[in-house]
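Chemist: sharing a model prediction with you, sequence too.
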Amino acid sequence: MILEHGPSGSGMQLNGTARRIWELTDVPIDLDTLCGRVASEFEVSRRECDDAVRAFLDELACHGLVEEVAEAPGDAATRSRYLDLLKRSLVNLVYPEHELRIELLEEHGRSGGPRPTEQLLRDIRYRSPAAFDELVASKRDGSVRHRRPSRFSHTMVGMERLDNLEYCARKVFADGVPGDFLEAGVCQGGAAIFMRGLQVAFGEADRRVWLADSFQGLPLPTHEIDRAWDLDWSEARQPWLACDLPAVQDNFRTYDLLDDGVRWLPGWFSETLPSAPVERLAILRADADLYQSTREVLESLYDRVSPGGFVVIDDYGGVDACRLAVDSFRAERGITDPLRRIDWTGVYWRREG
Ligand SMILES: C[S@@+](CC[C@H](N)C(=O)[O-])C[C@H]1O[C@@H](n2cnc3c(N)ncnc32)[C@H](O)[C@@H]1O
């Protein structure tokens, strides 16, 4: 590849490494992330890489081919505030009272009692402070423990599990771990929307986010372990867990995060995941509840997780069948990377080798 520059049309011949650096600067990227990516992709020491990248960028800047923009001290803080607002919107911590209002009106419909007054609906947060506190607590650690699962937020995953995703993504970006992000079990799409938000916010939008789901809810339990626990959460029994693909795409649009970097794998995992055109993953997030589904995710995708990448399991503490799937898979594969707790149900590990 030859880069032409200047009125004379003089050029610069790029070898493989230089060509990759040039590609990576196609989107705004900070120096630390750039060096991390190059060091890991070309297996050179970070020090050697930093010097070489710096020298090459200086040369490009000399010819006006790249522009170095100092990140204002406020930028990192602004990014963190964007991500925080994104998380609070996704779990519905911005207007949580609406959920109490809906519940009150549902109750009114069931009981046929007097219609709640406008003032009660408006001030419900102050009129029912215990219910409000309980609702907010459920948004922090993910719905089910405190109350019934949230049907109305774009994710059932609470703030703590979204914080964990942010932690994993920051590590992946800083260390230059190659690969896309994938969530298996997306429901309304909230956690996956946050994954794309992280990539965009950190200038890592050339990675992809893959979404694998039936988009018609959970399958009927067929494995003996799922049947033993009577885990029938299929559409007939739990219709709110079935969210169709256009609705999930609309949710991405709501956050202005639907673009070509978001890729869809619609169908049952057993049919979509083994042949999915996903090469490398930096974050694999399994949120599929069942033994069978969790095993299918790990069996099909674990080998595609890059060294230094993360495996996140949403339902480990909350669903015994999921825990058995993870424990049996780790034992069979001899995985000893420490399993770390996120909250009462989520766990993750970082793939060492
Ligand atoms: C608990 S929900 C996921 C919640 C979501 N991650 C969020 O942010 O709220 C579980 C999802 O897994 C999907 N699912 C479970 N097993 C599946 C399978 N074998 N094939 C395809 N989709 C499956 C269901 O359709 C459902 O959308």
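Modeler: Structure's in. What do you need?

Chemist: run the chain-centre distance for the lengthiest strand in the chain.
Modeler: For the chain, the strand with the greatest residue count under DSSP state E is strand 305-313. In terms of C-alpha atoms, centre = their mean, to the nearest Å, the centre of strand 305-313 is found 12 Å from the chain centre.

Chemist: so which bits of whatever helix or strand comes next after that strand are buried?
Modeler: Using DSSP states H and E, the helix or strand that follows strand 305-313 towards the C-terminus is helix 320-333. With burial defined by 16 or more other C-beta atoms under 10 Å, the residues of helix 320-333 counted as buried are Ala321, Cys322, Arg323, Leu324, Ala325, Val326, Phe329, Arg330. From N, CA and C alone the C-beta is placed, and that goes for glycine too.

Chemist: stretch 118-137 now?
Modeler: Neighbour counts over stretch 118-137 (16+ other C-beta under 10 Å) mark Leu121, Ile124, Arg125, Arg127, Ser128, Ala131, Phe132, Leu135 as buried.

Chemist: repeat for stretch 190-210
Modeler: So for stretch 190-210, counting by 16+ other C-beta under 10 Å, buried means 190-205, 207-210.

Chemist: ditto for stretch 46-59
Modeler: Applying a neighbour-count criterion of 16+ other C-beta under 10 Å, one finds Cys49, Asp50, Ala52, Val53, Phe56, Leu57 buried in stretch 46-59.

Chemist: about what we covered before: for the buried residues of stretch 118-137, give me TSV that also has pLDDT.
Modeler: Shown next, in TSV, are the buried residues of stretch 118-137 (pLDDT from 0 to 100):
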residue	pLDDT
Leu121	94
Ile124	94
Arg125	94
Arg127	94
Ser128	92
Ala131	90
Phe132	92
Leu135	90
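
Chemist: just the residues you listed: which are in strands?
Modeler: Nothing among those maps onto strands, per DSSP E.

Chemist: and these as JSON lines, adding distance to the ligand?
Modeler: Below are the buried residues of stretch 118-137 laid out as JSON lines (distance: C-beta to the nearest ligand atom, whole Å):
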{"residue": "Leu121", "distance to the ligand": "27"}
{"residue": "Ile124", "distance to the ligand": "24"}
{"residue": "Arg125", "distance to the ligand": "24"}
{"residue": "Arg127", "distance to the ligand": "29"}
{"residue": "Ser128", "distance to the ligand": "25"}
{"residue": "Ala131", "distance to the ligand": "22"}
{"residue": "Phe132", "distance to the ligand": "22"}
{"residue": "Leu135", "distance to the ligand": "17"}
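
Chemist: coming back round to it: the ligand next: which of the buried residues of stretch 190-210 are close?
Modeler: Gly190, Ala191 (C-beta under 6 Å from any ligand atom).

Chemist: of the buried residues of stretch 190-210, which belong to helices?
Modeler: Gly190, Ala191, Ala192, Ile193, Phe194, Met195, Arg196, Gly197, Leu198, Gln199, Val200, Ala201 (DSSP state H).
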